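Undergrad: any chance you could fold what I've pasted below:
(one chain, ligands or ions: 3)
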Amino acid sequence: MKAAILEAPATELIVTSIDCQEPQAGEVLVKLAASGVCHSDLHVIHGTQATPLPVVLGHEGAGIVEAVGPNVTQPKVGDHVVLSWVPYCGQCSYCLSGRPNLCSVVYAALANGTLLDGTSRLSRGGAPVYHYSFISSFAEYAVVPASGCIVIQPDIPLDIASLVGCAVMTGVGAALNTAHVRPGSSVAVIGAGGVGLNIMQGAQLAGAASIIAIDINPAKLEQSVIFGATQCINSAQTDAVTAVRELTGGLGVDYSFEAVGRPQTMRQCWEMARPGGTVVMVGIAPDGSELVLPATRIVREERHLLGSFYGSARPHIDMPMILELYMAGKLKLDELATHRFSLAHINEAVHLLEVGEAIRPIILYD
Ligand code: APR
Ligand code: ZN
Ligand code: ZN
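TA: Ligands and ions are numbered 1, 2, ... in the order given. Take a look at the predicted model:
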(Lines give C-alpha, C1' and ligand atoms only; values in the text may rest on other atoms or scores of the structure.)
(Ligands and ions follow the chains in the order given, each with its own letter.)
Protein backbone atom coordinates (compact mmCIF):
# COMPACT_ATOMS: atom_id res chain seq x y z
CA MET A 1 0.00 0.00 0.00
CA LYS A 2 1.00 3.63 -0.40
CA ALA A 3 2.02 5.46 2.77
CA ALA A 4 3.83 8.66 3.76
CA ILE A 5 6.89 7.92 5.87
CA LEU A 6 8.91 10.20 8.13
CA GLU A 7 12.47 8.90 8.27
CA ALA A 8 14.11 11.66 10.32
CA PRO A 9 12.98 14.87 12.10
CA ALA A 10 12.92 18.03 10.02
CA THR A 11 12.69 16.17 6.70
CA GLU A 12 9.87 15.90 4.20
CA LEU A 13 7.48 12.96 4.29
CA ILE A 14 8.25 10.38 1.62
CA VAL A 15 5.31 8.77 -0.17
CA THR A 16 6.25 5.19 -0.99
CA SER A 17 4.97 1.59 -0.99
CA ILE A 18 5.14 -0.33 2.28
CA ASP A 19 3.81 -3.66 3.53
CA CYS A 20 0.90 -4.00 5.91
CA GLN A 21 0.27 -7.30 7.74
CA GLU A 22 -3.11 -8.86 8.44
CA PRO A 23 -4.86 -7.72 11.61
CA GLN A 24 -4.03 -9.92 14.63
CA ALA A 25 -6.28 -10.78 17.59
CA GLY A 26 -8.29 -7.76 18.70
CA GLU A 27 -7.27 -5.73 15.61
CA VAL A 28 -9.05 -4.36 12.57
CA LEU A 29 -7.93 -3.48 9.04
CA VAL A 30 -9.47 -0.20 7.91
CA LYS A 31 -9.44 1.15 4.36
CA LEU A 32 -8.96 4.85 5.00
CA ALA A 33 -11.17 7.39 3.31
CA ALA A 34 -9.59 10.49 4.82
CA SER A 35 -7.08 11.78 7.34
CA GLY A 36 -6.71 15.22 8.83
CA VAL A 37 -3.25 16.67 9.46
CA CYS A 38 -2.94 17.78 13.10
CA HIS A 39 -0.37 19.87 14.91
CA SER A 40 0.74 16.78 16.88
CA ASP A 41 1.97 15.30 13.57
CA LEU A 42 3.94 18.53 13.13
CA HIS A 43 5.48 18.11 16.61
CA VAL A 44 7.00 14.82 15.43
CA ILE A 45 8.07 16.23 12.07
CA HIS A 46 9.74 19.16 13.84
CA GLY A 47 11.41 16.84 16.35
CA THR A 48 9.79 18.37 19.47
CA GLN A 49 7.98 15.10 20.21
CA ALA A 50 9.85 11.82 20.00
CA THR A 51 8.44 8.64 18.50
CA PRO A 52 10.28 5.65 16.96
CA LEU A 53 11.31 6.23 13.31
CA PRO A 54 10.70 5.55 10.48
CA VAL A 55 7.03 6.20 11.19
CA VAL A 56 3.75 6.58 9.34
CA LEU A 57 2.17 9.61 11.03
CA GLY A 58 -1.51 10.61 10.96
CA HIS A 59 -3.92 10.08 13.86
CA GLU A 60 -7.12 11.76 12.64
CA GLY A 61 -8.65 9.15 10.35
CA ALA A 62 -11.92 7.66 9.18
CA GLY A 63 -12.70 4.84 6.78
CA ILE A 64 -14.43 1.53 6.19
CA VAL A 65 -13.64 -1.76 7.90
CA GLU A 66 -12.04 -4.11 5.36
CA ALA A 67 -11.22 -7.11 7.61
CA VAL A 68 -11.18 -8.03 11.28
CA GLY A 69 -8.70 -10.18 13.19
CA PRO A 70 -9.49 -13.15 15.47
CA ASN A 71 -11.80 -12.48 18.44
CA VAL A 72 -13.21 -9.24 17.05
CA THR A 73 -16.98 -8.97 17.36
CA GLN A 74 -17.22 -5.21 16.94
CA PRO A 75 -16.79 -3.46 14.47
CA LYS A 76 -17.87 -5.58 11.49
CA VAL A 77 -16.61 -5.66 7.90
CA GLY A 78 -18.22 -2.78 5.99
CA ASP A 79 -18.82 -0.57 9.04
CA HIS A 80 -17.93 3.10 8.68
CA VAL A 81 -15.59 4.09 11.49
CA VAL A 82 -13.86 7.08 13.01
CA LEU A 83 -10.51 6.11 14.53
CA SER A 84 -9.74 6.99 18.13
CA TRP A 85 -6.05 7.37 18.91
CA VAL A 86 -6.71 6.41 22.51
CA PRO A 87 -8.08 2.86 22.34
CA TYR A 88 -8.75 1.17 25.68
CA CYS A 89 -8.37 -2.17 27.43
CA GLY A 90 -11.76 -2.16 29.14
CA GLN A 91 -10.34 -3.76 32.28
CA CYS A 92 -8.08 -1.32 34.11
CA SER A 93 -9.42 0.90 36.91
CA TYR A 94 -9.65 3.92 34.57
CA CYS A 95 -11.64 2.05 31.95
CA LEU A 96 -13.91 0.57 34.60
CA SER A 97 -14.53 3.97 36.19
CA GLY A 98 -15.56 5.61 32.91
CA ARG A 99 -12.29 7.36 32.04
CA PRO A 100 -11.04 5.30 29.07
CA ASN A 101 -8.89 8.20 27.81
CA LEU A 102 -6.58 7.49 30.76
CA CYS A 103 -6.49 3.69 30.18
CA SER A 104 -3.25 2.60 31.87
CA VAL A 105 -2.53 -0.19 29.37
CA VAL A 106 -2.84 2.17 26.43
CA TYR A 107 -0.92 4.99 28.10
CA ALA A 108 2.03 2.66 28.70
CA ALA A 109 2.14 1.74 25.00
CA LEU A 110 1.24 5.12 23.43
CA ALA A 111 4.79 6.23 22.65
CA ASN A 112 6.16 2.81 21.58
CA GLY A 113 5.22 3.15 17.93
CA THR A 114 3.57 -0.27 17.99
CA LEU A 115 0.12 -1.74 18.45
CA LEU A 116 -0.98 -2.97 21.89
CA ASP A 117 0.95 -6.27 21.69
CA GLY A 118 4.23 -4.37 21.29
CA THR A 119 4.76 -5.18 17.60
CA SER A 120 4.20 -3.30 14.35
CA ARG A 121 2.09 -4.41 11.38
CA LEU A 122 4.00 -2.08 9.05
CA SER A 123 7.28 -2.80 7.28
CA ARG A 124 9.36 -1.85 4.29
CA GLY A 125 11.75 -4.29 2.64
CA GLY A 126 11.45 -6.49 5.75
CA ALA A 127 12.48 -3.70 8.17
CA PRO A 128 9.92 -2.39 10.67
CA VAL A 129 8.08 0.85 10.13
CA TYR A 130 6.40 2.23 13.24
CA HIS A 131 2.81 3.20 13.95
CA TYR A 132 1.89 6.59 15.39
CA SER A 133 -0.69 6.81 18.16
CA PHE A 134 -2.09 3.38 17.15
CA ILE A 135 -3.41 4.81 13.87
CA SER A 136 -0.94 5.89 11.13
CA SER A 137 -3.59 7.35 8.87
CA PHE A 138 -1.15 8.82 6.31
CA ALA A 139 -1.57 5.54 4.42
CA GLU A 140 -4.21 3.81 2.33
CA TYR A 141 -4.88 1.18 5.04
CA ALA A 142 -4.45 1.07 8.80
CA VAL A 143 -4.38 -1.83 11.24
CA VAL A 144 -5.79 -0.52 14.52
CA PRO A 145 -7.05 -1.90 17.84
CA ALA A 146 -10.76 -2.80 17.61
CA SER A 147 -11.45 -0.60 20.67
CA GLY A 148 -10.24 2.41 18.67
CA CYS A 149 -12.89 1.95 15.97
CA ILE A 150 -16.00 4.03 16.54
CA VAL A 151 -18.84 2.94 14.29
CA ILE A 152 -20.77 5.83 12.75
CA GLN A 153 -23.80 6.21 10.47
CA PRO A 154 -22.91 5.46 6.84
CA ASP A 155 -24.51 8.69 5.58
CA ILE A 156 -21.96 10.89 7.37
CA PRO A 157 -19.21 12.12 5.01
CA LEU A 158 -16.00 10.34 6.02
CA ASP A 159 -13.72 13.30 5.32
CA ILE A 160 -15.63 15.38 7.85
CA ALA A 161 -15.88 12.44 10.27
CA SER A 162 -12.08 12.03 10.26
CA LEU A 163 -11.71 15.39 12.03
CA VAL A 164 -13.75 14.10 14.94
CA GLY A 165 -10.92 11.63 15.58
CA CYS A 166 -8.66 14.33 17.01
CA ALA A 167 -9.30 18.09 16.74
CA VAL A 168 -13.05 18.07 17.30
CA MET A 169 -13.02 15.48 20.10
CA THR A 170 -10.11 17.21 21.80
CA GLY A 171 -11.62 20.70 21.60
CA VAL A 172 -15.32 20.07 22.13
CA GLY A 173 -14.45 17.50 24.80
CA ALA A 174 -12.23 19.97 26.69
CA ALA A 175 -15.16 22.38 26.97
CA LEU A 176 -17.91 19.85 27.69
CA ASN A 177 -16.21 16.89 29.42
CA THR A 178 -13.16 18.36 31.14
CA ALA A 179 -14.28 21.88 32.07
CA HIS A 180 -18.08 21.38 32.14
CA VAL A 181 -18.51 24.98 30.97
CA ARG A 182 -21.63 26.47 32.57
CA PRO A 183 -24.31 28.52 30.77
CA GLY A 184 -23.69 32.26 31.06
CA SER A 185 -19.99 31.92 31.82
CA SER A 186 -16.98 33.74 30.35
CA VAL A 187 -14.35 31.80 28.42
CA ALA A 188 -10.93 32.58 26.92
CA VAL A 189 -9.13 30.33 24.44
CA ILE A 190 -5.44 30.79 23.56
CA GLY A 191 -4.67 29.34 20.13
CA ALA A 192 -7.42 29.43 17.50
CA GLY A 193 -6.26 26.44 15.44
CA GLY A 194 -8.04 23.17 14.77
CA VAL A 195 -8.27 22.41 18.49
CA GLY A 196 -8.91 25.93 19.81
CA LEU A 197 -11.78 26.64 17.40
CA ASN A 198 -13.45 23.45 18.61
CA ILE A 199 -13.04 24.52 22.23
CA MET A 200 -14.86 27.72 21.23
CA GLN A 201 -17.73 25.90 19.57
CA GLY A 202 -17.93 23.50 22.51
CA ALA A 203 -18.15 26.46 24.90
CA GLN A 204 -20.80 28.04 22.69
CA LEU A 205 -22.80 24.82 22.74
CA ALA A 206 -22.57 24.80 26.55
CA GLY A 207 -24.06 28.31 26.63
CA ALA A 208 -21.04 30.48 27.42
CA ALA A 209 -22.04 34.16 27.36
CA SER A 210 -18.66 35.42 26.17
CA ILE A 211 -15.83 33.67 24.35
CA ILE A 212 -12.55 35.51 23.92
CA ALA A 213 -10.27 34.18 21.16
CA ILE A 214 -6.53 34.84 21.46
CA ASP A 215 -4.03 34.19 18.68
CA ILE A 216 -1.02 35.81 17.02
CA ASN A 217 -2.44 35.29 13.53
CA PRO A 218 -5.19 37.77 12.51
CA ALA A 219 -6.68 35.28 10.02
CA LYS A 220 -7.26 32.79 12.85
CA LEU A 221 -9.04 35.47 14.85
CA GLU A 222 -11.37 36.14 11.92
CA GLN A 223 -12.17 32.42 11.73
CA SER A 224 -12.84 32.35 15.47
CA VAL A 225 -15.94 34.49 15.05
CA ILE A 226 -17.50 31.74 12.89
CA PHE A 227 -16.93 29.26 15.74
CA GLY A 228 -18.48 31.40 18.45
CA ALA A 229 -15.87 33.95 19.57
CA THR A 230 -17.47 37.15 20.85
CA GLN A 231 -14.19 39.06 21.25
CA CYS A 232 -10.71 38.66 19.75
CA ILE A 233 -7.26 39.56 21.02
CA ASN A 234 -4.16 39.63 18.83
CA SER A 235 -1.50 38.63 21.36
CA ALA A 236 1.30 39.56 18.95
CA GLN A 237 0.19 43.17 19.43
CA THR A 238 -1.19 43.35 22.98
CA ASP A 239 -0.56 41.65 26.27
CA ALA A 240 -3.27 38.98 26.28
CA VAL A 241 -3.57 38.71 30.07
CA THR A 242 -4.11 42.46 30.53
CA ALA A 243 -6.56 42.53 27.63
CA VAL A 244 -8.62 39.62 29.03
CA ARG A 245 -8.77 41.24 32.46
CA GLU A 246 -9.89 44.52 30.87
CA LEU A 247 -12.71 42.72 29.07
CA THR A 248 -13.87 41.02 32.28
CA GLY A 249 -14.07 43.84 34.82
CA GLY A 250 -10.48 43.32 36.00
CA LEU A 251 -11.05 39.76 37.27
CA GLY A 252 -10.39 37.36 34.42
CA VAL A 253 -12.59 34.69 32.85
CA ASP A 254 -14.48 31.80 34.45
CA TYR A 255 -12.72 29.30 32.17
CA SER A 256 -9.43 29.69 30.28
CA PHE A 257 -8.08 27.15 27.79
CA GLU A 258 -4.61 26.76 26.25
CA ALA A 259 -4.52 25.11 22.80
CA VAL A 260 -1.04 26.03 21.58
CA GLY A 261 1.28 23.79 23.58
CA ARG A 262 3.89 26.24 24.93
CA PRO A 263 4.81 26.89 28.58
CA GLN A 264 4.60 30.65 27.97
CA THR A 265 1.00 30.54 26.73
CA MET A 266 0.15 28.02 29.46
CA ARG A 267 1.28 30.59 32.02
CA GLN A 268 -0.83 33.26 30.30
CA CYS A 269 -3.76 30.86 30.44
CA TRP A 270 -3.38 30.45 34.19
CA GLU A 271 -3.15 34.24 34.66
CA MET A 272 -6.25 35.06 32.63
CA ALA A 273 -8.65 32.91 34.67
CA ARG A 274 -10.29 34.72 37.56
CA PRO A 275 -9.39 33.61 41.09
CA GLY A 276 -11.57 30.55 41.72
CA GLY A 277 -11.85 30.00 37.96
CA THR A 278 -10.92 26.95 35.92
CA VAL A 279 -7.75 26.67 33.82
CA VAL A 280 -7.65 23.91 31.20
CA MET A 281 -4.41 22.88 29.48
CA VAL A 282 -5.04 21.19 26.13
CA GLY A 283 -2.00 21.86 23.90
CA ILE A 284 0.88 19.40 24.12
CA ALA A 285 4.13 21.19 25.07
CA PRO A 286 7.55 20.00 23.82
CA ASP A 287 8.94 16.89 25.57
CA GLY A 288 10.74 17.89 28.78
CA SER A 289 9.43 21.47 29.02
CA GLU A 290 8.16 22.78 32.37
CA LEU A 291 5.50 25.24 33.49
CA VAL A 292 6.40 27.70 36.27
CA LEU A 293 3.55 29.06 38.43
CA PRO A 294 3.62 31.49 41.38
CA ALA A 295 3.57 29.22 44.44
CA THR A 296 1.70 31.57 46.79
CA ARG A 297 -0.97 32.60 44.33
CA ILE A 298 -1.77 28.99 43.44
CA VAL A 299 -3.06 28.64 47.00
CA ARG A 300 -4.53 32.09 47.60
CA GLU A 301 -6.38 32.39 44.29
CA GLU A 302 -7.84 28.89 44.21
CA ARG A 303 -7.83 28.37 40.46
CA HIS A 304 -8.65 24.84 39.37
CA LEU A 305 -5.87 23.68 37.07
CA LEU A 306 -6.98 20.83 34.79
CA GLY A 307 -5.23 18.87 32.09
CA SER A 308 -7.45 17.74 29.25
CA PHE A 309 -6.19 14.71 27.34
CA TYR A 310 -8.17 13.90 24.19
CA GLY A 311 -11.05 15.98 25.53
CA SER A 312 -11.53 13.53 28.43
CA ALA A 313 -13.17 11.43 25.72
CA ARG A 314 -15.38 8.41 26.06
CA PRO A 315 -15.08 7.96 22.29
CA HIS A 316 -17.93 5.48 21.77
CA ILE A 317 -20.33 7.89 23.45
CA ASP A 318 -18.89 11.26 22.53
CA MET A 319 -18.01 10.81 18.85
CA PRO A 320 -21.46 9.65 17.69
CA MET A 321 -22.95 12.48 19.80
CA ILE A 322 -20.66 15.03 18.15
CA LEU A 323 -21.64 13.75 14.71
CA GLU A 324 -25.32 13.88 15.65
CA LEU A 325 -24.87 17.52 16.63
CA TYR A 326 -23.13 18.13 13.29
CA MET A 327 -25.94 16.47 11.33
CA ALA A 328 -28.42 18.60 13.30
CA GLY A 329 -26.54 21.77 12.29
CA LYS A 330 -25.35 22.47 15.84
CA LEU A 331 -21.60 21.97 15.32
CA LYS A 332 -19.61 23.40 12.43
CA LEU A 333 -17.38 20.72 10.97
CA ASP A 334 -17.52 21.54 7.24
CA GLU A 335 -15.96 24.91 8.01
CA LEU A 336 -12.93 23.19 9.61
CA ALA A 337 -12.05 21.32 6.43
CA THR A 338 -10.40 24.17 4.56
CA HIS A 339 -8.14 22.21 2.16
CA ARG A 340 -8.09 18.76 0.57
CA PHE A 341 -5.12 16.90 -0.94
CA SER A 342 -4.21 13.47 -2.29
CA LEU A 343 -1.52 11.53 -0.40
CA ALA A 344 1.00 12.42 -3.13
CA HIS A 345 0.69 16.07 -2.05
CA ILE A 346 0.90 15.52 1.69
CA ASN A 347 3.92 17.78 2.16
CA GLU A 348 1.84 20.69 0.82
CA ALA A 349 -0.81 19.87 3.42
CA VAL A 350 1.80 19.83 6.17
CA HIS A 351 3.16 23.16 4.95
CA LEU A 352 -0.27 24.83 4.95
CA LEU A 353 -0.82 23.82 8.58
CA GLU A 354 2.71 24.92 9.50
CA VAL A 355 2.26 28.43 8.13
CA GLY A 356 -1.22 28.71 9.64
CA GLU A 357 -3.05 28.95 6.33
CA ALA A 358 -5.28 25.90 6.80
CA ILE A 359 -7.58 25.15 9.72
CA ARG A 360 -7.46 21.50 8.75
CA PRO A 361 -5.93 20.11 5.56
CA ILE A 362 -7.45 16.71 4.81
CA ILE A 363 -5.80 13.89 2.87
CA LEU A 364 -8.35 12.03 0.74
CA TYR A 365 -7.87 8.41 -0.40
CA ASP A 366 -9.60 6.75 -3.36
N1 APR B 1 0.03 32.79 21.25
C2 APR B 1 -1.22 32.58 20.75
N3 APR B 1 -1.46 31.73 19.73
C4 APR B 1 -0.42 31.08 19.19
C5 APR B 1 0.89 31.25 19.65
C6 APR B 1 1.12 32.15 20.73
N7 APR B 1 2.31 32.37 21.21
N8 APR B 1 1.70 30.46 18.90
C9 APR B 1 0.92 29.82 18.01
N10 APR B 1 -0.37 30.20 18.18
C11 APR B 1 -1.54 29.77 17.44
C12 APR B 1 -1.32 29.59 15.95
O13 APR B 1 -1.37 30.82 15.26
C14 APR B 1 -2.46 28.65 15.58
O15 APR B 1 -3.63 29.35 15.24
O16 APR B 1 -1.92 28.47 17.88
C17 APR B 1 -2.71 27.86 16.86
C18 APR B 1 -2.32 26.39 16.74
O19 APR B 1 -3.19 25.83 15.83
P20 APR B 1 -2.86 24.55 14.91
O21 APR B 1 -1.53 24.68 14.31
O22 APR B 1 -4.07 24.29 14.08
O23 APR B 1 -2.71 23.39 16.04
P24 APR B 1 -3.83 22.40 16.61
O25 APR B 1 -3.92 21.20 15.74
O26 APR B 1 -5.03 23.18 16.95
O27 APR B 1 -3.11 21.89 17.95
C28 APR B 1 -2.86 22.76 19.03
O29 APR B 1 -3.04 21.02 20.66
O30 APR B 1 -3.36 18.78 20.21
C31 APR B 1 -2.44 19.75 20.56
O32 APR B 1 -0.35 18.94 19.71
C33 APR B 1 -1.37 19.88 19.51
O34 APR B 1 -0.03 21.28 20.85
C35 APR B 1 -0.92 21.28 19.75
C36 APR B 1 -2.18 22.02 20.15
ZN1 ZN C 1 -4.17 15.53 16.91
ZN1 ZN D 1 -7.91 0.33 30.42
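
Undergrad: list the residues that contact the residue in the stretch 1-150 of the chain that ligand 1 sits nearest to.
TA: Going by C-beta to the nearest ligand atom, ligand 1 is nearest to His39 of the stretch 1-150 of the chain, at 3.1 Å. To be clear about C-beta, it is placed using only N, CA and C from the backbone, and glycine gets the same treatment. By C-beta atoms under 8 Å, 6 or more residues apart in numbering, the contact list for His39 reads Gly193, Gly194, Val195, Gly261, Leu353.

Undergrad: so which of those residues wins on neighbours?
TA: Highest neighbour count within those: Val195, with 30 neighbours (other C-beta atoms under 10 Å).

Undergrad: picking up where we left off before, please tell me how far the residue of the stretch 1-150 of the chain closest to ligand 1 sits from His345.
TA: As judged by C-beta to C-beta, to the nearest Å, His39 and His345 stand 19 Å apart.

Undergrad: before we move on, back to that, most widely separated two among the contacts of His39?
TA: Farthest pair in these (C-beta to C-beta) is Gly261 and Leu353. Separation: 13.6 Å.

Undergrad: for the worst-scoring helix or strand of the chain on mean pLDDT, packing partners?
TA: Across the helices and strands of the chain, mean confidence by mean pLDDT, DSSP states H and E is lowest for helix 104-109: a mean of 91. Judged by 3 or more C-beta pairs under 8 Å, 6 or more residues apart in numbering; DSSP states H and E, helix 104-109 is in contact with no other helix or strand.

Undergrad: so how far is that helix off the chain centroid?
TA: Centre-to-centre, helix 104-109 and its host chain are 18 Å apart (C-alpha atoms, centre = their mean, to the nearest Å).

Undergrad: who touches that helix?
TA: Residues from elsewhere that reach helix 104-109 (C-beta under 8 Å, 6+ apart): Val86, Pro87, Tyr88, Cys89, Gln91, Cys92, Ser93, Tyr94, Leu115, Leu116, Gly118, Phe134.

Undergrad: tell me which residues of it are tucked away?
TA: For helix 104-109, burial by neighbour count (16 or more other C-beta atoms under 10 Å) applies to Val105, Val106, Ala109.

Undergrad: need the contact list for the residue nearest to the spatial centre of the chain.
TA: Nearest to the mean C-alpha position of the chain, by C-alpha atoms, centre = their mean, lies Cys166 at 3.1 Å. By C-beta under 8 Å, 6+ apart, the contact set of Cys166 is Gly36, Cys38, Ser40, His59, Glu60, Trp85, Gly194, Tyr310.

Undergrad: report pLDDT for the fourth one.
TA: Here the pLDDT value assigned to His59 is 97.

Undergrad: find the closest residue to ligand 1 in the chain.
TA: Closest point on the chain to ligand 1, by C-beta to the nearest ligand atom, is Gly193, at 1.7 Å.

Undergrad: does that residue touch Gln223 like I think?
TA: No - here Gly193 lies out of contact with Gln223, judged by C-beta atoms under 8 Å, at a distance of 9.4 Å.

Undergrad: common neighbours of those two, please.
TA: Here Gly193 and Gln223 share the contacting residues Ile359, scored by C-beta under 8 Å, 6+ apart.

Undergrad: ok, for Phe138, nearest residue in space, not its chain neighbours?
TA: Leaving aside its sequence neighbours, Phe138 sits nearest to Gly58 (C-beta to C-beta, 6 or more residues apart in numbering; 3.6 Å).

Undergrad: what about the closest residue to Gly356 other than its chain neighbours, how many neighbours?
TA: Once flanking residues are discounted, Gly356 sits nearest to Asn217: 4.8 Å by C-beta to C-beta, 6+ apart. Per other C-beta under 10 Å, the neighbour tally for Asn217 reads 17.

Undergrad: now do the helices in the protein.
TA: Using DSSP state H, the helices of the chain run over 39-46, 93-96, 104-109, 158-163, 169-173, 194-205, 218-226, 240-247, 263-272, 295-300, 315-327, 346-354.

Undergrad: does the fifth one reach ligand 2?
TA: No - contact check for helix 169-173 against ligand 2, using C-beta under 5 Å from the ion: none in range, with a minimum separation of 6.5 Å.

Undergrad: residues making contact with that helix?
TA: Helix 169-173 is contacted by residues 84, 194-202, 205, 259, 282, 308, 310-313, 315, 318-319, 322, 331 when judged by C-beta under 8 Å, 6+ apart.
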